[in-house]
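Q: Based on what follows, work out the 3D shape:
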Amino acid sequence: MPPIVAFEFDRQGVRAAVVDDGDARIARLANLEKPDIQSADSLAAALKEALPDVRWQRATLVAVFGGDQLRCRLLKLPPCPDAELPGMVRMQAVREFALADDAVVDFVPLTRGAEQPHGVLAATIDDADLKLCVGAAAKLDATLAKAVARGAAAAGLATRIAPELGEGSHLIAAAAAGAADLVVIDAGEPTLVRSTRTPIETITSEARRTAAMAAQQSGRKIDSTCLLGIAEEKSGDDLVPLDAAGYLADHHGLSAQSDADPQPLVGVIAAALDEALGATPALDFLHPRRPVVDHSDRRRLIVLAVAAAAALLAGVVFDYSQFWKLRKDIASKQQMLKQEEQNAEKWKPLREQVGAIDGWLETDVNWLDELERLGRKLRPQTLDEKDFPAETDAYLVQFTATRSTQRDQSGGKIDLRAVSRSPYSYDELEQRLRDGLHQVETTQGTMAAEGGDYRWETQTALRVDKPSEEDLP
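A: Numbering: from 1, shown residues only. The predicted structure is shown next:
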C-alpha cells in the first residue's frame, strides 16, 4: 500500500515522517539539512535524498507549514448566515494580511449561529510555497492530499494523548525544528497559533506569556499549559508535560532507534497520522473553506429565470441607450456653456478697469509734445542766427504741468516762469504761446530779484486742450 509522507521545508532543510496507510504505524523519520531549496525540482530531490527507500509513485503527501511560512490572526465579523461566512472571512483577511484577491486563506470558526457576531481564526500562507509543494508532488509522481498548519496538527496530537484537553481552554507548547509552536485550544479547536524561535531552555517563560496574552484576548482563563515534545525537566508546577514519544511508541510503533529525533518532528508526525486516521485538519490550505454552493434544481431554475430577465432587460436598455446618450451629451454641453459664462463673468471687473483706464487716457495730454512746443515758442530762432532778437530774448526758469482733476474732462494746465531781457517781451511771448488749443489765462510781470541781463520775470498760466485726431501730426 502506498505510504503517507508528511513533510515540511524551510531555509534549514526538509523534515519528513513516513506512516503506513493501513495501520498508521510510523515507518521512518528524516531530518535533512538542505538550505538551497528554492524550486519544485530541488524540493523533490531533497525528499528523495532524505527518504531514499520510499516508493514515491502514488504516495500520499501532506505539506506542513509553520514558523515564518504561516500567519494567523483572530478576526471579529458581524452576524451572517454560515453559508456567507467564508466570503466575509476572505474579504476581511485580504485587508488584514494585505493579500492579493486570489491568495490562499483558510479559517477555523469559533462561534456558531447567524444571529451573533462571528469570531474566526484566519490563517494564510504564501501562494508560492503552496505551488512549490504541488510542483514537487508532480515531480515525484505522488498525490498532494493536504496542506496543513504544523501547530494545529500538534495540538490535535496532544488531544489524542490527553483526551481531557478536548474540554476547556488549554495552551499547547509543541517542539519544532529550531523553534516551538504555541497553540491555544478551546473545546479542542485552535483559537491562537503562533511560532517562536525562543530556545527550548526558555520556552516555559514564553509559554506563560502566551497563556496570559490569550486569556486577556478571549476573556477566558487558560486551564492548563502542556508541553509536547519538550523534555520534562523544562516543566514547572504550572506546566504539564505530555509524553509524545511514549504515546507514539505504544500506539504507532515509533522505534527507539529512529533515524531522527522525534521531539522536534511532533507536528510533522501528527500531520501524517491525521491523514492515516482520516482526521479532518483544522486548517487545510489545499482545500480551504469556501461558500456553500447550492446544486439543487431550484437554484438552477432561479439562475435561468434571472438570465432570461437579464436578456429581456438588455433589449429594453438597448432601445433607450441612444436617448440617454443624447441626453448626457446635452447636459455636458450645457455644463460647458455654464462654465464659459462663469469664466466671462469672472473677467468683468477687469474689463471695467480697462475701460476706465482707456477713458482716462483719452482725457490726457502728451506733455512731452507740450514741452517741445514751449521751447520753440520761447526761442523760435537759434542763437547763431544773424537776426537773432537778443534784446527780447527769454528763457524758461520753471515749468509745472497739471492734468485736469475732474472726471471725463480733457486737457490740463501749464504754470511757467520765464525771465527776459526786456519788459516788452511779455506781450510777444503771450502771443506766441496762444493758439487754438492753448489759452493764456493769466500773465504777471515783475522785476527779477537776481538782477543781471535777464532781470524781467513773467509768470504765465496756460490752459491746454487735448488735440483731436485731425490736429495730431
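
Q: for the helix or strand containing residue 45, packing partners?
A: Counting by DSSP states H and E, the element that carries residue 45 is helix 40-50. Using 3 or more Cβ pairs under 8 Å, 6 or more residues apart in numbering; DSSP states H and E as the contact criterion, the elements in contact with helix 40-50 are strand 4-9, strand 13-19, strand 26-33, helix 127-139. Glycine gets a C-beta too; all of them are placed from N, C-alpha and C.

Q: C-alpha coordinates for whichever helix or strand residue 214 is part of, PDB please?
A: Element membership for residue 214 (DSSP H and E) is helix 203-218. C-alpha atoms of helix 203-218 as PDB (Å, rounded to 0.1, in the frame of the first residue of the first chain):
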ATOM      1  CA  ILE A 203      10.300  28.100  26.200                       C
ATOM      2  CA  THR A 204       8.500  27.800  29.500                       C
ATOM      3  CA  SER A 205       8.500  31.500  30.200                       C
ATOM      4  CA  GLU A 206       7.400  32.200  26.600                       C
ATOM      5  CA  ALA A 207       4.500  29.700  27.100                       C
ATOM      6  CA  ARG A 208       3.400  31.500  30.300                       C
ATOM      7  CA  ARG A 209       3.400  34.900  28.500                       C
ATOM      8  CA  THR A 210       1.400  33.500  25.600                       C
ATOM      9  CA  ALA A 211      -1.100  32.000  28.100                       C
ATOM     10  CA  ALA A 212      -1.600  35.300  29.700                       C
ATOM     11  CA  MET A 213      -2.000  37.100  26.300                       C
ATOM     12  CA  ALA A 214      -4.600  34.500  25.200                       C
ATOM     13  CA  ALA A 215      -6.500  34.900  28.500                       C
ATOM     14  CA  GLN A 216      -6.600  38.700  28.100                       C
ATOM     15  CA  GLN A 217      -7.700  38.400  24.400                       C
ATOM     16  CA  SER A 218     -10.500  35.900  24.900                       C
END
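
Q: Give the buried residues for it.
A: Using 16 or more other Cβ atoms under 10 Å as the burial criterion, the residues of helix 203-218 that qualify are 203, 204, 206, 207, 208, 210, 211, 213, 214, 218.

Q: got the contact list for it?
A: 74, 169, 171, 173, 180, 182, 184, 186, 191-192, 194, 196, 198, 221-222, 225, 227, 230, 234-236, 238-239 (Cβ atoms under 8 Å, 6 or more residues apart in numbering).

Q: Lowest average confidence across helices and strands of the chain, where is it?
A: The weakest-scoring helix or strand in the chain, judged by mean pLDDT, DSSP states H and E, is helix 348-363 (a mean of 73).

Q: Tell me the first helix or strand C-terminal of it.
A: With elements assigned by DSSP H and E, the helix or strand that comes after helix 348-363 is helix 367-378.

Q: List the buried residues for that next one?
A: For helix 367-378, burial by neighbour count (16+ other Cβ under 10 Å) applies to 370, 374, 377, 378.

Q: same check, this time on stretch 15-33
A: The neighbour-count check on stretch 15-33 (16+ other Cβ under 10 Å) flags 15-20, 24-32 as buried.

Q: Which of the residues you listed sits closest to residue 160?
A: Relative to residue 160, the closest of those is residue 24; by Cβ to Cβ it sits at 11.2 Å.

Q: List the contacts of the closest one.
A: Applying Cβ under 8 Å, 6+ apart, we find residue 24 in contact with 252, 273, 276, 277.

Q: ok, back up a step: can you turn the buried part of the contacts of helix 203-218 into a PyMOL selection?
A: To isolate the buried members of the contacts of helix 203-218 in PyMOL, using 16+ other Cβ under 10 Å:
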select buried, resi 74+169+171+173+180+182+184+186+191+192+194+196+198+222+225+227+230+234+235+239
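
Q: Could you tell me which of the contacts of helix 203-218 belong to helices?
A: Assigned to helices by DSSP state H, none of the contacts of helix 203-218 qualify.

Q: which residues does the nearest residue to residue 188 once chain neighbours are set aside contact?
A: Closest residue in space to residue 188, ignoring its immediate chain neighbours: residue 166 at 4.2 Å, by Cβ to Cβ, 6 or more residues apart in numbering. The contact partners of residue 166, taken as Cβ under 8 Å, 6+ apart, are 159, 187, 188.

Q: Using the three-state scheme, assign the residue most central in space within the chain.
A: In the chain, the residue lying closest to the centroid (Cα atoms, centre = their mean) is residue 98, at 11.1 Å. The local conformation at residue 98, judged by DSSP: H, G, I helix; E, B strand; the rest coil, is coil.

Q: Distance-wise, check it relative to residue 402.
A: Distance, residue 98 to residue 402, using Cβ to Cβ, to the nearest Å: 79 Å.

Q: nearest to residue 385, of the helices and strands packed on helix 40-50?
A: Checking those against residue 385 by Cβ to Cβ gives helix 127-139 as the closest, at 107.6 Å.

Q: tell me the mean pLDDT over whichever helix or strand comes after that closest one?
A: Following helix 127-139 in sequence order, the next helix or strand is strand 143-149 (DSSP H and E). For strand 143-149, mean pLDDT is 96.

Q: sorry, back to before: out of the contacts of residue 166, the closest to residue 353 would be?
A: For the contacts of residue 166, the minimum distance to residue 353 (Cβ to Cβ) is 83.2 Å, reached by residue 187.

Q: number of nearby residues for the residue lying closest to the closest one once chain neighbours are set aside?
A: In this structure, residue 187 finds its nearest non-sequential neighbour in residue 167, 6.5 Å apart by Cβ to Cβ, 6+ apart. Residue 167 has 12 neighbours, counted by other Cβ atoms under 10 Å.

Q: thinking again about what came up before, tell me how far the residue nearest to residue 188 lies from residue 159.
A: In terms of Cβ to Cβ, residue 166 sits 5 Å off from residue 159.

Q: Quickly list what's touching both of these two.
A: Common neighbours of residue 166 and residue 159, counting by Cβ under 8 Å, 6+ apart, are residue 188.

Q: quick revisit: pull the most distant pair out of the buried residues of stretch 15-33.
A: Largest separation among the buried residues of stretch 15-33 by Cβ to Cβ: 24 and 32, giving 23.8 Å.

Q: Need the phi and psi values for the residue nearest to residue 188.
A: Backbone geometry at residue 166, expressed as degrees, to the nearest 10, gives phi -70, psi -10.

Q: Next one: the residue lying closest to residue 222 once chain neighbours are set aside from residue 167, what distance?
A: Nearest non-adjacent residue to residue 222, counting by Cβ to Cβ, 6+ apart: residue 211, 4.3 Å away. Distance, residue 211 to residue 167, using Cβ to Cβ: 17 Å.

Q: Give me the below-cutoff pLDDT ranges for the stretch 301-450 of the chain.
A: Low-confidence regions of the stretch 301-450 of the chain, defined by pLDDT under 70, span residues 358-364, 406-409, 426, 442-443, 448-450.

Q: Phi and psi next, for residue 220.
A: phi -120, psi 140.

Q: got a list of what it touches?
A: With Cβ under 8 Å, 6+ apart, residue 220 has these contacts: 169, 186.

Q: any idea what sits nearest residue 116, other than its immediate chain neighbours?
A: Excluding the flanking residues, the one nearest residue 116 by Cβ to Cβ, 6+ apart is residue 79, at 5.8 Å.

Q: Pull the contacting residues for that neighbour.
A: 113, 114, 115, 116, 117, 118 are the contacts of residue 79 under Cβ under 8 Å, 6+ apart.
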